[in-house]
Structures are given as C-alpha cells and as structure tokens.
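Engineer: just need the structure, nothing else, for what follows:
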Amino acid sequence: MKNDLDVCIYSPSEKIWGGGQIYIENLCRYMNEQDVATVIATSEPDTFSCPTIAMDSVASKAKRLSSSLSLAKTLKRFNIKVIVLNDLSSLWLAPIFRLQGFKVISLLHLYLQKKNAAGLGHSDAEYNLLRFSSRFCDKVFSVNKENIQAFPVEVEFVGNFISPWFFDDSKVAKKYDLGIISRLSSEKNFPLFIDLIQRINAQSTEPIKALILGRGEEKENILSTIEQAGLQDNIDLQDWVDRKDLPAIYDSIKCFAITSHHEGFATTLLEAHARGVPAITTKSAGFCAEFIEGFGDATGISFIPEDVKSVSFQQQVLFLIERSNDYHDNCINKAQLFDEDKVLGKITQQIEQLLSRKTRQAK
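Structural biologist: Numbering: from 1, shown residues only. A predicted model of the protein is given here:
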C-alpha cells in the first residue's frame, strides 16, 4: 500500500454484502483510476477487491466511538486528508474526524427518518444527533432524494450508478415471470412478494414462475412461507452467485420486483434496467418508485402493499410481465442516465476540489 494516500472511505458494516458495499468498492476503484489514492477502512478487508486498511470490529456504536481516535492516527500516518463516512451508521462520527483535521464527506444510502410503525428509522435522540453531525461535514452526498429535506445542511443527490460491463441490448428467452435479487432480510418484505405471486397466479391463465435469489437470515422463514402458500412449484429460492454471473440471472427474468419496507436507490433496480428488465417496486423503496415512473417513459409500476389485494393491480402486473419486451430499450436508456462517469465522476470531482483546497491551506 502507498504511504501517501488521499482519501479513506470508512465502512462500519460487517457480515453484509449489498448495494452499499458495491457502491463504495466501485467508488474506491474509480477514484484510484483518476489518480486519487483511495482506500477503504474495514474490519473485513478480504471482502473488498480494492485497497483497504484493516481495522478492528466496529459493529457496535461503542466500538466505533472508542476506535475513532486510533483510526484517525493511522490515517494521518498515511497522509490521508479526506474521510468519506459511509451511510447513516457512521455519520455521527463526523465531529470527531473533523476535529482531528480531516475534511469530512458523508455518503448516504438510506434516508434519515424517525422510527416508524414498522420499527424502521431512528429514535428522536439518534435522529437529532445525525442532523447535528451533518453540520461537521464539508459535503453530504445522497443516493436518494429524501435526504435533501431531512438535514439542516445542503445535501446533493447523486443517485446510484451502473458499471459499463453490465449493459447488454440483446434479448433472450425468459425462464421467470417475476424475480427478486436481494439480501434475505426482513426489511425486504418477502412475505409481500410471495403473497403477490399467490394472488396473480389466481388471475393468470398460465402458472406464474418466480425467482428469489439471495442469502441471509430470513431464508428459513421464506421457505416456510412458500410452503404454507403451496407455491413450491412456482417460486425457486436460489443461493447468491458471483457478481459476474448476475447479468445472466437478470436476463432470465421478465419483470424485476422490489417489495422492501425501506430502500435508498437499489443497485439491483439499475442492474435489472441495464439488462432491459422493467420493474415493480413499493413506493416506500426510496428513489426506486420515482426512477421507474418519473424519469421519461414509465418502465414499471410502483405500489403500496395494500395494492397487492387489488384485482386491478394484479392484472397490471400480469400485463407488465406479458409486455416486458416492449420496455427493453427504454429500461436500458434510463439506466444509462446513471452511469459511472455521471455519478462516481461527480463525487470524485468534488473530492478533488476538497483535496486541492486542503493542499493550499497546508502551504
């Protein structure tokens, strides 16, 4: 590793590999390609295929706090000038790193909200602490738009991104009518997806075939729900695959689905669109609903959980499945609005400006 680095991306997550981790891994790679020497600080360095600095476990808030000063000393030894705090789970450390002399950037994936009926969000104390901490950031970027209104400082919406290698305009035979590619966690609301498959099967003249692909703590509950619904022949539950194999999985699906209680701007939605696959998504899934319905021509349907019981909505989903090929080109064109240069390039450019300002101040 170089002894003279520019940027450290702080990643407190452990035993999770999802859109947020993919995002910062690619941001790290992109900045290094632009000659901005960047590393990720993580307790799981082997999970990233980019330069890293190993740190102790920071799974709890107490560990994040207790290790922050020692990490700051380590970063100073590498001459790091800018720290990027990844998501809300690390934003509250902004005052500490700012007082240690770093330029501080917050990169938000999920949106700040007070705890709701589903138990998602933050307590009043956490909510106010995060808003306060944002004042110590030199820049706040957000993957979704909701954070623009949630903070007392300026928040710049940058969106998610899709890498060039993921695109393909070819059309192939489909195996599944609907599919979810996701971490198997409760926030993804798989019972809603299974309920939808059961209901649209009752409306369809042909059996509806669905795919759930992922890994996580909800696997056994999902299998049990599928069995209780009698959908073993209709829903395939498959384990996670290597990222290089994902395009072929998307190619096998007519329509992608997000049934989450909560999202930012799902990487999987952009990936599905890059392969020409339209989508349905819950309105609570962050920017996803606006992406499919508010950017140019519609490339899917957004809905609330109660809609699943509506025969009219069920028929809309069946129509989207039946006409999925008609959306192919529009999906690809929409995904290209969020390519790496537009998203990661914007973040990199502003970090370069901070680095330039920091160098001038040092002189």
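
Engineer: distance of Met31 from Cys331?
Structural biologist: Distance of Met31 to Cys331, computed by CB to CB, to the nearest Å: 29 Å. For every residue, glycine as well, the C-beta is placed using N, CA and C.

Engineer: next one: Ser310
Structural biologist: For Ser310, the distance to Cys331 - CB to CB - is 25 Å.

Engineer: more crowded one of these two?
Structural biologist: Cys331 (24 against 13; other CB atoms under 10 Å).

Engineer: in which helix or strand would I find that one?
Structural biologist: Here Cys331 sits within helix 328-335, counting by DSSP states H and E.

Engineer: any idea how far the following helix or strand past that helix is from the chain center?
Structural biologist: Sequence-wise, the next helix or strand downstream of helix 328-335 (DSSP H and E) is helix 340-362. Its chain's C-alpha centre and that of helix 340-362 lie 22 Å apart, by CA atoms, centre = their mean, to the nearest Å.

Engineer: residues in contact with the helix or strand hosting Leu129?
Structural biologist: Using DSSP H and E, Leu129 maps to helix 124-133. Helix 124-133 is contacted by residues 88, 91-95, 112-114, 121-122, 150-152 when judged by CB atoms under 8 Å, 6 or more residues apart in numbering.

Engineer: buried residues, that helix. List them.
Structural biologist: Neighbour counts over helix 124-133 (16 or more other CB atoms under 10 Å) mark 126-127, 130-131, 133 as buried.

Engineer: low-confidence ranges in this structure?
Structural biologist: 1-3, 118, 357-363 (pLDDT under 70).

Engineer: could you rerun that using 80?
Structural biologist: For the chain, applying pLDDT under 80 flags the ranges 1-3, 15-19, 116-120, 169-171, 357-363.

Engineer: quick one, helices of it?
Structural biologist: For the chain, helices defined by DSSP state H occupy the ranges 19-33, 61-77, 88-91, 94-99, 124-133, 147-150, 190-203, 219-228, 246-251, 267-274, 288-294, 311-322, 328-335, 340-362.

Engineer: which of those sits closest to Asp4?
Structural biologist: helix 61-77 (10.3 Å; CB to CB).

Engineer: and the closest one, what other elements does it pack with?
Structural biologist: The elements that helix 61-77 packs onto, with contact taken as 3 or more CB pairs under 8 Å, 6 or more residues apart in numbering; DSSP states H and E, are helix 94-99.

Engineer: ok, 10 Å please
Structural biologist: Applying 3 or more CB pairs under 10 Å, 6 or more residues apart in numbering; DSSP states H and E, we find helix 61-77 packed against strand 7-10, strand 38-42, strand 52-54, strand 82-86, helix 88-91, helix 94-99.
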